[in-house]
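1. just a sequence and a predicted model for now, questions to come.
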Amino acid sequence: MKMPSNTRICWPNLKNANNVPRPWLTPIVDAIGAKGLSRIETVQTLWKGYGQILRLQLEGAPMGSVILKQIAPPADTSGKSLSHQRKVRSYQIERTWYSLYSNGLNQTCRVPRFLAQGQSQDGDWLLLEDLDPVGYPERRRHLNSAEMAAVVSWLAHFHASFLGQVAPELWEEGSYWHLETRPDEWQALPHGPLKSSAPAIATKLKTCHFQTLIHGDAKPANFCFSTHKTAPLQVAAVDFQYVGRGCGMKDLAYFLSACFSETQAAAAIPGYLELYFDTLAQALGNPSLAKAIIAEWRELFDFAWADFYRFELGWLGADPRDYPFSAEILRGLIPKLNLSQP
C-alpha cells in the first residue's frame with residue numbers, strides 16, 4: 001500500500017477497502033495487546049522506495065499509537081547490486097539492533113522502545129514506540145546550538161554505553177560510507193592524495209584500540225527533540241540501519257560535517273569536541289580509561305573527517321575546491337600516513 005505523506009485513513013476492524021485483512025496488521029495488534037486500529041498515518045517513505053514508516057493509532061491498547069517500519073524493496077531492483085544488498089542488510093541489522101541491544105539504554109541516550117518484529121507477504125516489519133507522545137515531538141534539519149549540544153551529549157553517552165562491545169550480529173564496521181562498502185565512490189575520485197590515502201585512513205580508523213558501537217548515520221534528521229518548553233532539552237535517536245563497531249569519532253565527525261559549512265567548521269568544531277570528550281569522561285566514570293580513550297580519539301577525529309570527505313566527494317562528484325577545510329585536514333594527515341602527495 002502506497003500513500004502520500006501525511007495521508008490519514010480510517011481502517012475499522014483491521015480491514016482495507018476490500019474488506020480483506022492486511023497480513024501484517026493482526027500480528028502487530030496482537031503483539032501490543034490492542035483491540036483495534038483506528039487510523040494509519042504515513043510518516044515517510046524509505047530511501048529509494050524500500051518501504052514506509054507508518055504511525056498506527058490504536059484502540060484499547062496501553063499506548064495510543066506506535067510506529068511501524070515496513071520494509072518492501074521495489075520489485076525492479078537488481079538483487080545482485082551492491083547498493084541493494086547493502087540496503088536489505090541494513091534493515092536486517094536494524095531489527096537485530098532493536099531486539100537485542102536497544103532496550104538497555106537509559107535516558108541519556110534515548111531510543112524508541114522495541115515492541116515487536118515480523119515478516120509477512122508484504123515484507124518485513126519492525127514495531128517501535130512512538131516518540132511523539134512520550135516527549136520527543138520535534139524534528140529538525142537545521143539545529144541551533146542547544147540542539148547540537150544535546151546531540152553531541154547523546155553520542156558521547158551512547159559510545160560510553162557500548163565501549164568494547166562485541167556485536168557479531170551487527171555491522172562489522174559501522175557507518176554507511178566506510179571504504180569497503182563504497183568502492184564505486186572511491187573509483188569516482190580524481191587521482192590525488194585523497195584517493196591514494198583513503199585505504200590508510202580507513203585502516204587507521206578500523207584498527208584503533210578503543211572501539212564502540214557507532215550509530216552510523218548520525219545526521220540531524222535522525223534525532224527527535226523535546227519541545228523548547230521542556231528544560232533541559234531532551235533528545236532521542238532513530239534509524240539504526242548502520243549501527244556497528246567503530247571509532248566514536250566517525251559519528252561525531254559525520255554529525256558536525258552535516259551541521260557546519262566548510263567556512264564555519266574551523267571555528268565551530270573545537271568547542272563541540274571538548275563538549276563531547278567532557279561528556280564521555282563523565283559517562284565512563286573512570287578517569288584513567290577516559291584519558292586513554294580521549295588521547296586516541298582526539299587524534300582520530302581528523303581521520304574520521306577525512307574518511308567522510310572521501311565518500312562525499314566521490315558520491316557527489318563535487319569540486320575539491322569547494323572543500324577548503326577538509327582539504328586542509330587531509331594535508332595535515334598525509335605526513336602521519338607516510339604518504340607523499342603526487
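-> Looks like it came in fine. Numbers count the residues shown, from 1 in each chain.

2. neighbours of the closest residue to Gly60 other than its chain neighbours, how many?
-> The shortest distance from Gly60 to any non-neighbouring residue, by CB to CB, 6 or more residues apart in numbering, is to Lys35 (3.0 Å). In this view, the C-beta of every residue, glycine as well, is placed from N, C-alpha and C. Lys35 has 9 neighbours, counted by other CB atoms under 10 Å.

3. tell me where the model's unsure across the stretch 1-150 of the chain.
-> Scanning the stretch 1-150 of the chain for pLDDT under 70 picks out 1-24, 76-80.

4. what ranges does it have for its helices?
-> For the stretch 1-150 of the chain, the helices defined by DSSP state H, counting those that start in this stretch cover 25-32, 82-100, 145-161.

5. nearest to Gly123, of the ones you listed?
-> Among the helices of the stretch 1-150 of the chain, the nearest to Gly123 by CB to CB is helix 82-100 (9.2 Å).

6. now that closest one: buried residues?
-> His84, Lys87, Val88, Ser90, Tyr91, Ile93, Glu94, Arg95, Thr96, Trp97, Tyr98 (16 or more other CB atoms under 10 Å).

7. residues making contact with it?
-> Contacts with helix 82-100, where a contact means CB atoms under 8 Å, 6 or more residues apart in numbering, come from 47-48, 50-51, 69, 71, 73, 77-79, 111-112, 114, 117, 124, 126, 128, 169-171, 176, 181, 183-184, 239-244.

8. buried ones among these?
-> 50-51, 69, 71, 73, 111-112, 114, 117, 124, 126, 128, 170-171, 176, 181, 239-244.

9. buried residues in stretch 134-151, which are they?
-> For stretch 134-151, by 16+ other CB under 10 Å, it's Tyr136, Glu138, Leu143, Glu147, Met148, Ala149, Ala150, Val151.

10. what's the span of that stretch, first residue to last?
-> Stretch 134-151 has an end-to-end distance of 18 Å (CA to CA, to the nearest Å).

11. what of stretch 313-322?
-> Terminal-residue distance, stretch 313-322 (CA to CA): 10 Å.

12. for that stretch, the distance to its chain's centre please.
-> 23 Å (CA atoms, centre = their mean, to the nearest Å).

13. quick one: mean pLDDT over it.
-> Average pLDDT, stretch 313-322: 92.

14. residues contacting that stretch, please?
-> When contacts are defined by CB under 8 Å, 6+ apart, stretch 313-322 is touched by residues 177, 182, 184-190, 192, 194, 262, 312, 323, 327.

15. switch the cut-off to 10 Å
-> Residues outside stretch 313-322 that contact it (CB atoms under 10 Å, 6 or more residues apart in numbering): 177, 179, 182-190, 192-195, 198, 261-262, 309, 312, 323, 326-327, 330.

16. just the ones in helices from those residues, please.
-> Using DSSP state H, the members of the contacts of stretch 313-322 that fall in helices are 183-187, 193-195, 198, 262, 309, 312, 326-327, 330.

17. looking at the buried ones among the contacts of helix 82-100, which are in strands?
-> Gly51, Lys69, Ile71, Phe114, Gln117, Asp124, Leu126, Leu128, Gly244 (DSSP state E).

18. show me what the third one is bridged to.
-> By that I understand Ile71. Gly51, Asp124 (DSSP bridges).

19. which ones are touching Pro112?
-> When contacts are counted by CB under 10 Å, 6+ apart, Pro112 touches 66-67, 69, 98, 102-103, 126-131, 134, 136, 224, 236-238, 240.

20. swap in 8 Å and give it another go.
-> Here Pro112 is in contact with Ile67, Tyr98, Ser102, Leu128, Glu129, Asp130, Leu131, Ala236, Val238 (CB under 8 Å, 6+ apart).

21. what about it, distance to Leu25?
-> For Pro112, the distance to Leu25 equals 20 Å [CB to CB, to the nearest Å].
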